[in-house]
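Student: Give the three-dimensional model of this entry:
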Amino acid sequence: MKVLAYGTAGLLVLTIGTGGYLYYRYNGNIKSSALFAGESGDAGHEVPDAFGRTPINILVIGSDSRDNPEDCAIGGDCGPGANADVELLLHVSADRSNATVLSIPRDLMTDLPGCIDKENNTSSKKHRGQINATLQYGPGCTVAAVHQLTDIPIDHFVKVDFSGVIKMSDAVGGVPVCVSDNVYDPYSHLKLSKGDHTLKGMAALQFVRTRHGFGDGGDRGRSSAQHAFLGSMIRQLKSAGTLTDPGKVLGLADAATKALTVDPGLDGITKLVGLANDLNKVPSDRITFTTMQTLPDPTDEDRVVIGPGADKLFASVKNDQPLSQGSAGDPAPAASTPAAGPGQAPQSQAPQTPAGPDRSGITVLVRNGSGKDNRAGDVSEALRQAGFAKGTGVGKSTTAEKTAVHYPAGREAAAQQVAAALGLPASAVQAGSGSTVELVIGADWPSGTTFPAASGGVPSAPQSVDPSAALKGADATTADSAGSCTPVSHQYTVKLPGYGGMTPVQAYDKSKNVPDSAP
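Tutor: Have a look, this model is predicted:
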């Protein structure tokens, strides 16, 4: 019995010690940087649905940086500086039933915000330029640019460098892909024969970076290849037992944390695990991959500009409207709707228990800045009737043009509950310096207990956009699209020494001395 007791105790100490070591090791691997680096404003705010749930929007940035030995060894120009080779906006719905992965072409020419990169003491002014260049001023500048372009709130970013793609593809045991024809892109060095392959290491990086080999030889073709790769990786994670095999999970965690730079909201292993759990709830057939609509830039044939229909696509994502259907052919669940005003019935048939903070635990200090009598008393009573804490009451009067909900550190979700209950826009939720959630009623809300739609409120559900309209002119697939092959370009998109322009198929045939990237 003593031997068993001592042995069990020893095993427990070893297990706890190992777990603690891994926890600190993985946390130590993670690098972080500011979420937002724009000269003014912020990255936007999510609007909770009627039950306190909010979507998640994460900007995934693939960096072409080669400023560390691992990435430098991969090839190309080594040294400081980076561009965003990949910009994917991942949207996970408030009810976690569906997701959208929206690609923004690296060659997009658009109006860019001014940025201040405090880490490197550099800055840029507002100008028109190529969106991928914003990464030169930190990932927070890329976040600012994508938010300005789409008006979609961005909650987090994840930046992955070259070596990270290699490590994570190896950690999942390789990623299966299919190509429609023989393909050789001498720029990315991807060379694959027609058919199925499992990509690991450098071959995986070559595949996701190839732009001259697929589609029309431009960024849309590369986006399609990236979507195929990511969809396959998702299927691999869900079906190959990776998430239930402790050894594979540890390997994936080690590879991922070494490869990522994230915003402070994701700078811990427990936060990343929580995010992974949210993503894992979404079925593969309800993860839609798409690329925003673009047109050729009339001033530069190598660049693109925003195209017709992109505003509808952005609005669908912002309004949390699904773009895919389930495997049974049923429409995906209806988009989340903002809460009704205090005392009004919810406008959707969602679950009865809110996932956000319990209203009964949220005390709100209401101040009248409208110049109209009894405004604070009326609204505070409406909030109490809507379920907020009994201590919700009236504070000192003030003057204010616009209505706002100010929150102290750590109470943003509570402030969002208040805004949702009153029909206030997301922009009304602002960081404050006090110790409680404070509602200031402005001159833009002179009467009533629900913020008027004419002043920017959202007392009713956002206008639904038909998925077919939102995706018109945009490529779209789902993560369960197994068996489809990435189309190889049949245009003259590549060159070989001693030859003129040719197709990637012809380049494959003329490069028998170049080994294939994968069997």
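
Student: quick one: pLDDT of the closest residue to residue 318 other than its chain neighbours?
Tutor: With C-beta to C-beta, 6 or more residues apart in numbering as the criterion, residue 318 has its nearest non-adjacent residue at 4.8 Å, and that residue is residue 152. C-beta: built from backbone N, CA, C; applies to glycine. Among the per-residue scores, residue 152 holds a pLDDT of 94.

Student: which phi and psi does residue 152 have?
Tutor: Here is the backbone geometry of residue 152 (degrees, to the nearest 10): phi -90, psi 130.

Student: Likewise for residue 365?
Tutor: Dihedral angles (degrees, to the nearest 10) for residue 365: phi -100, psi 120.

Student: cool, and residue 369?
Tutor: Torsion angles at residue 369 (phi, psi; degrees, to the nearest 10) stand at phi -120, psi 10.

Student: Please report how far the residue nearest to residue 318 lies from residue 395.
Tutor: When C-beta to C-beta, to the nearest Å is applied, the distance between residue 152 and residue 395 equals 34 Å.

Student: Give me the distance between the two termini of stretch 428-444.
Tutor: Separation of the first and last residues of stretch 428-444 by C-alpha to C-alpha, to the nearest Å is 12 Å.

Student: buried set for that stretch?
Tutor: Using 16 or more other C-beta atoms under 10 Å as the test for burial, stretch 428-444 gives 428-430, 432, 436-442, 444.

Student: Of all pairs in the residues you listed, which one spans the longest distance?
Tutor: Greatest spatial distance among the buried residues of stretch 428-444 (C-beta to C-beta): 436 and 444, at 22.8 Å.

Student: I figured the residue nearest to residue 318 was touching residue 316, is that so?
Tutor: No: applying C-beta atoms under 8 Å as the test, residue 152 and residue 316 come out as separate, 9.9 Å apart.

Student: and the two? which has more neighbours close in?
Tutor: residue 316 (26 against 22; other C-beta atoms under 10 Å).

Student: got a list of what the more buried one touches?
Tutor: Residue 316 makes contact with 100, 323, 465, 467, 470, according to C-beta atoms under 8 Å, 6 or more residues apart in numbering.

Student: In contact with residue 374: list those residues for me.
Tutor: Residue 374 touches residue 368, counting by C-beta under 8 Å, 6+ apart.

Student: For residue 434, see how far away it is.
Tutor: Residue 374 sits 23 Å away from residue 434, taking C-beta to C-beta as the criterion.

Student: okay, and for the stretch 101-250 of the chain, where does confidence drop off?
Tutor: 240-250 (pLDDT under 70).

Student: the strands in it, which residues?
Tutor: Counting by DSSP state E, counting those that start in this stretch, the stretch 101-250 of the chain has strands at residues 109-112, 115-117, 122-124, 127-130, 156-160, 175-179, 183-185, 190-192, 195-199.

Student: Over to the stretch 351-500 of the chain?
Tutor: According to DSSP E, counting those that start in this stretch, the strands that the stretch 351-500 of the chain contains are 364-368, 393-394, 404-407, 429-431, 437-441, 476-478, 494-495.

Student: roughly how far apart are the residue nearest in space to the middle of the chain and residue 180?
Tutor: Against the mean C-alpha coordinate of the chain, by C-alpha atoms, centre = their mean, the closest residue is residue 58 at 2.0 Å. From residue 58 across to residue 180, the span is 31 Å (C-beta to C-beta).

Student: List the contacts of the residue nearest to the centre of the chain.
Tutor: Here residue 58 is in contact with 89-90, 92, 154-158, 275 (criterion: C-beta under 8 Å, 6+ apart).

Student: Kindly report the same for residue 129.
Tutor: Contacts of residue 129 by C-beta under 8 Å, 6+ apart are 109-110, 112.

Student: Extract the C-alpha trace of whatever helix or strand the residue nearest to the centre of the chain lives in and format it as CSV.
Tutor: For residue 58, the host element (DSSP states H and E) is strand 56-63. C-alpha atoms of strand 56-63 as CSV (Å, rounded to 0.1, in the frame of the first residue of the first chain):
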residue,chain,number,x,y,z
ILE,A,56,-15.8,36.6,-33.3
ASN,A,57,-13.8,38.3,-36.1
ILE,A,58,-10.2,37.4,-36.4
LEU,A,59,-7.8,38.8,-39.0
VAL,A,60,-5.3,36.1,-40.0
ILE,A,61,-2.2,37.6,-41.6
GLY,A,62,0.5,35.6,-43.5
SER,A,63,3.7,37.6,-43.3
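
Student: The residue lying closest to residue 45 once chain neighbours are set aside: neighbour count?
Tutor: In space, and not counting its chain neighbours, residue 45 is closest to residue 426: 4.1 Å by C-beta to C-beta, 6+ apart. Around residue 426 there are 19 other residues, counting by other C-beta under 10 Å.

Student: what's the distance between residue 389 and residue 369?
Tutor: 22 Å.

Student: neighbour count winner among these two?
Tutor: Counting neighbours by other C-beta under 10 Å for residue 389 and for residue 369 shows that residue 369 has the greater number, 22 against 16.
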